[in-house]
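*Asks:* Curious how this folds, go ahead:
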Amino acid sequence: MTARADRDDTSIAGRNHGFPSACRVALSAAILVAFSPAASAAAQDEPPASPPPEWEATAIDYSNVPYPYPVEFLDVRLMGEDYRMAYMDVAPVGEPNGRTVVLFHGMNFFAAAFGPTIATLTEAGFRAIAVDRLGYGRSSKPVIHYNLHMPARHTKALLDELGIGRVAVLGHSMGGMVATRFTSTYPDVVTHVIMSNQIGLADTRHGRAWSDPEEVYESTLHGTTYESTLAGHRRYYPNGWKNEYLPWVKVQYGLTLSGHWPRMARVRAAQRQITFEDPVVHEWQYIRTKALVIGGADDRLSRDFAAAARNVAETLPNAELVLFPGIGHVPAFEYPEPYHGEVIRFLLSDPEEPADQGWR
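*Replies:* Next up is the predicted model:
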């Protein structure tokens, strides 16, 4: 597996210069963070009722989707076929602290969504690497049976190629499942693991029938509309919609406008199967790496995310818990300064020191 440059310097978002520390209830303990009334008082927008006519199809290789930093590729071989895994490798802009953070995206996003987080990390002295898993963004889109071992293995190959021995990892949403699997598989590589509004918080196989992949494909192919895509993204933000969220809807919905949509629908359907077929809940008890379970407490993707997140933190042997009341599934967008402040605080902590248990 080899890495090579294939750079694109177009920008999807401006950089967020500086980060104030989060408004924490207690500076010495990672516990519930007070919700800022300013968040709910922010001006709210209303998305268009139908897709704007100027929206174009999203290319299956995302070649017409801007990324905030240059994109490079790692050649990978899987099941006898050659593919490419895209990633952004961003050097510190502040004084380097010698640490690297790997970022794993969720189901309905891709590496470019980490733009604000990368800006904050690099300004704090970290090197940041954000990967597009196979099936997402600018990475190859093989029609295969996916699992979480694949991105874990490919990311380890990337680190080996880049000569990086130890890293911290942060995974958002389904990326939290990838971060769990990566940490569980390579415990000696990971200094800190952050699970940010992770999904897959329960093993749902009990009492639930398996779905035929062809049925999931047909549902994805014919059931994905602008309305359904927008509704999915609106669920992320309990404090109301902002137009700055719309580009992520545009990219996802734009896939359905492409002649490659039938193939992409198969890829997305296969990715949807992961949460059922490849749970990570049984791995938390074995992860002794210093961990942070963080997120918006009002995440509407779970019936009671706050309770489920607490269960994750209690199951992990060495974890901190930070929840933001009133915030939803994407705190990096909805509540960026407090969220990034907590992330930086945790990443700067000594990995050999036990996680703060003040939240218990």
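*Asks:* Arg288: how many residues sit nearby?
*Replies:* 11 (other C-beta atoms under 10 Å). C-beta here means a position set from N, CA and C on the backbone, and glycine is covered the same way.
*Asks:* Residues in contact with the lengthiest helix in the chain: which ones?
*Replies:* The residue-count maximum for a helix in the chain (DSSP state H) belongs to helix 149-162. If you take C-beta atoms under 8 Å, 6 or more residues apart in numbering as the criterion, helix 149-162 is touched by 1-3, 74, 76, 78, 85, 87, 89, 102, 104, 129, 131, 133-134, 165, 167, 178, 181-182, 185-186, 189.
*Asks:* From those, list the buried ones, please.
*Replies:* Those of those that meet the buried threshold are 1, 3, 74, 76, 78, 85, 87, 89, 102, 104, 129, 131, 133-134, 167, 178, 181-182, 185-186, 189, by 16 or more other C-beta atoms under 10 Å.
*Asks:* so where do the strands sit in the stretch 251-360 of the chain?
*Replies:* 290-296, 319-324 (DSSP state E, counting those that start in this stretch).
*Asks:* Just checking: what are the partner strands of the first one?
*Replies:* According to DSSP bridges, strand 290-296 has the following sheet partners: strand 190-196 (parallel), strand 319-324 (parallel).
*Asks:* Glu352 is nearest to which of those?
*Replies:* strand 190-196 (9.0 Å; C-beta to C-beta).
*Asks:* any idea of the mean pLDDT in that closest one?
*Replies:* In this model, strand 190-196 has an average pLDDT of 98.
*Asks:* quick one on the thing from earlier: which of the buried ones among the contacts of helix 149-162 fall within strands?
*Replies:* 3, 74, 76, 78, 85, 87, 89, 102, 104, 129, 131, 167 (DSSP state E).
*Asks:* Could you count how many residues lie near the residue nearest to Leu121 when sequence neighbours are not counted?
*Replies:* Distances taken as C-beta to C-beta, 6 or more residues apart in numbering put Ala128 closest to Leu121, at 4.5 Å, once the chain neighbours are dropped. Using other C-beta under 10 Å, Ala128 is surrounded by 24 other residues.
*Asks:* Is Gln198 in contact with Arg181, as I believe?
*Replies:* No - between Gln198 and Arg181 there is no contact under C-beta atoms under 8 Å: 11.3 Å.
*Asks:* so the residue nearest to Leu121 touches Thr100, yeah?
*Replies:* Yes - contact criterion C-beta under 8 Å: Ala128 and Thr100 qualify, at 7.5 Å.
*Asks:* which residues of this protein score low on pLDDT?
*Replies:* In the prediction, the chain carries residues with pLDDT under 70 at positions 1-43.
*Asks:* Kindly recompute the last result at 90.
*Replies:* 1-44, 94, 202-213, 217, 275-276, 302-303 (pLDDT under 90).
*Asks:* show me where this structure has helices.
*Replies:* 37-41, 115-123, 149-162, 174-185, 213-223, 226-234, 246-254, 261-272, 274-277, 305-315, 331-334, 336-347.
*Asks:* Identify whichever of these lies nearest to Glu283.
*Replies:* helix 174-185 (4.2 Å).
*Asks:* Show me what the closest one is packed up against.
*Replies:* strand 100-104, helix 149-162, strand 167-172, strand 190-196, helix 274-277 (3 or more C-beta pairs under 8 Å, 6 or more residues apart in numbering; DSSP states H and E).
*Asks:* Quick check: the closest residue to Pro262 other than its chain neighbours vs Ser184, distance?
*Replies:* Distances taken as C-beta to C-beta, 6+ apart place Leu221 nearest to Pro262, at 6.3 Å, with adjacent residues excluded. To Ser184, Leu221 is 33 Å away according to C-beta to C-beta, to the nearest Å.
*Asks:* what does Asp82 give?
*Replies:* Taking C-beta to C-beta, one finds Asp82 at 28 Å from Ser184.
*Asks:* Quick check, Ala130 in contact with Ala86.
*Replies:* No - the pair Ala130 / Ala86 is not scored as a contact, 9.4 Å apart, by C-beta under 8 Å.
*Asks:* between these two, what contacts are shared?
*Replies:* Common neighbours of Ala130 and Ala86 (C-beta under 8 Å, 6+ apart) are Ala111.
*Asks:* Compare those two (neighbour count), which wins?
*Replies:* Ala130 (30 against 26).
*Asks:* Please list all residues in contact with that one.
*Replies:* 87-88, 90, 102-103, 105, 111-112, 114, 118.
*Asks:* rerun that using 6 Å as the cut-off
*Replies:* Ala130 sits next to 88, 103, 111, 114 when contact means C-beta atoms under 6 Å, 6 or more residues apart in numbering.
*Asks:* Tell me how far it lies from His192.
*Replies:* Distance from Ala130 to His192, by C-beta to C-beta: 16 Å.
*Asks:* Can you give the distance from stretch 343-352 to the centre of its chain?
*Replies:* 19 Å (C-alpha atoms, centre = their mean, to the nearest Å).
*Asks:* try stretch 236-249
*Replies:* 16 Å.
*Asks:* Same question for stretch 271-278.
*Replies:* So, by C-alpha atoms, centre = their mean, the centroid of stretch 271-278 is 16 Å from its chain's centroid.
*Asks:* What's the end-to-end length of it?
*Replies:* 11 Å (C-alpha to C-alpha, to the nearest Å).
*Asks:* for stretch 169-188, same thing?
*Replies:* 13 Å.
*Asks:* Give me the contacts around that stretch.
*Replies:* So stretch 169-188 is contacted by 102-107, 148, 151-152, 156, 190, 193-200, 280, 283, 287, 289 (C-beta under 6 Å, 6+ apart).
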